[in-house]
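Trainee: got a predicted structure here, sequence first:
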Amino acid sequence: MHMKLSLFLATALASTTLTARAHAATTVDVEQGQGSNAFTSFSGSANVTCADGTQNSVFAAGSISGSDRIQHDSGSPRTMTDGVFVEVDEYFDGCTSLFTGGTGGIANGYRPPNKNLTSARLTGSTSFQDFDSGQTIPISIDLKISGTGPLTANKDNTVTHGSGPTTVTVSHSASESRAGTVTGTLSIGGVELDATFSDTSMAANSQTTITVERN
């Protein structure tokens with residue numbers, strides 16, 4: 001709907017801005033993109049039994065985000081990407097006194113929110129490495145983000161007239177965002193954490209840019 005309207009406006013503007021030559025060539029370039037993301041911060045701990053039988057604990061804090069993107073430009077095939085990024089700012093294992101942090105990625109682990117941003121999912125497994133010891137710490141997530149509170153939406157339309165040949169560019173963008181809450185499980189180092197989640201949100205956006213040029 002937005003693309004058809006933008007194309008109509010751009011073509012109409014290009015036709016009326018200047019008096020075109022009888023055999024003027026018209027080119028139309030369309031760029032379309034849409035995507036979404038979900039984000040949450042976490043901190044959590046768990047009691048563990050060490051290898052020698054003593055009791056201790058593990059602690060971790062960081063953030064988890066998921067995103068996807070669909071892009072389609074004139075003359076090019078459509079591209080699609082999605083994934084989850086886990087950033088562990090602090091990880092402490094009381095049994096081994098390991099204190100470290102790192103990042104890991106999960107391909108295809110992101111299920112984007114629906115139209116009204118009511119829910120999204122972040123799932124899968126990855127790992128990060130402590131560069132001092134070489135130890136690899138596994139991460140496993142199975143999280144659902146549920147939308148809470150009002151949906152915030154923004155829309156914008158712009159029209160730009162270029163110089164030289166008759167060039168008109170019409171852009172339309174829209175975005176929505178919503179706060180959320182998290183349920184599910186988060187395990188780091190093979191231990192499921194009693195985690196608290198904060199700063200949780202979901203967002204979606206779309207952009208269409210149509211450029212009409214008459215030579």
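Mentor: That came through fine. What you see is a predicted model; the values in this text were computed from it and never measured.
Trainee: hey, let's count contacts and neighbours off CA atoms from now on
Mentor: OK.
Trainee: mind listing the helices for the chain?
Mentor: Using DSSP state H, the helices of the chain run over residues 2-17.
Trainee: any weak-confidence spans in it?
Mentor: Scanning the chain for pLDDT under 70 picks out 1-24, 163-165.
Trainee: now find how far off-centre the lengthiest strand in it is within its chain.
Mentor: Longest strand in the chain, counting residues (DSSP state E): strand 136-161. From the chain centre to the centre of strand 136-161 is a distance of 6 Å (Cα atoms, centre = their mean, to the nearest Å).
Trainee: pull out the buried positions in it.
Mentor: Residues of strand 136-161 classed as buried by neighbour count (16 or more other Cα atoms under 10 Å): 137-141, 143-148, 159, 161.
Trainee: quick check, nearest of those residues to I70?
Mentor: Closest to I70 out of those is I145 (21.4 Å), distances taken as Cα to Cα.
Trainee: mind listing the strands for this protein?
Mentor: 26-49, 55-73, 79-93, 98-107, 110-111, 119-129, 136-161, 166-188, 191-192, 194-214.
Trainee: just the angle between the last one and strand 119-129, please?
Mentor: Using axes from the mean of the first three to the mean of the last three Cα atoms, to 10 degrees, the inter-axis angle of strand 194-214 relative to strand 119-129 is 110 degrees.
Trainee: could you do the fourth one as well?
Mentor: Between strand 98-107 and strand 119-129, the angle formed by their directions is 130 degrees, by the same axes, to 10 degrees.
Trainee: and the residue nearest in space to the middle of the chain, how far is that from S41?
Mentor: Nearest to the mean C-alpha position of the chain, counting by Cα atoms, centre = their mean, stands S67 at 2.4 Å. S67 sits 15 Å away from S41, going by Cα to Cα, to the nearest Å.
Trainee: and if you look at S97?
Mentor: S97 is 24 Å from S41, by Cα to Cα.
Trainee: please apply the same query to S133.
Mentor: Distance from S133 to S41, by Cα to Cα: 26 Å.
Trainee: who has more neighbours, those two?
Mentor: Using other Cα atoms under 10 Å, the more surrounded residue of S133 and S41 is S41, with 20 against 9.
Trainee: wait, doesn't the more buried one sit right on V86?
Mentor: No. Distance between S41 and V86: 9.9 Å, which falls outside the contact criterion (Cα atoms under 8 Å).
Trainee: tell me, what's touching those two both at once?
Mentor: Taking Cα atoms under 8 Å, 6 or more residues apart in numbering as the contact rule, the neighbours common to S41 and V86 are G62, S63, I64.
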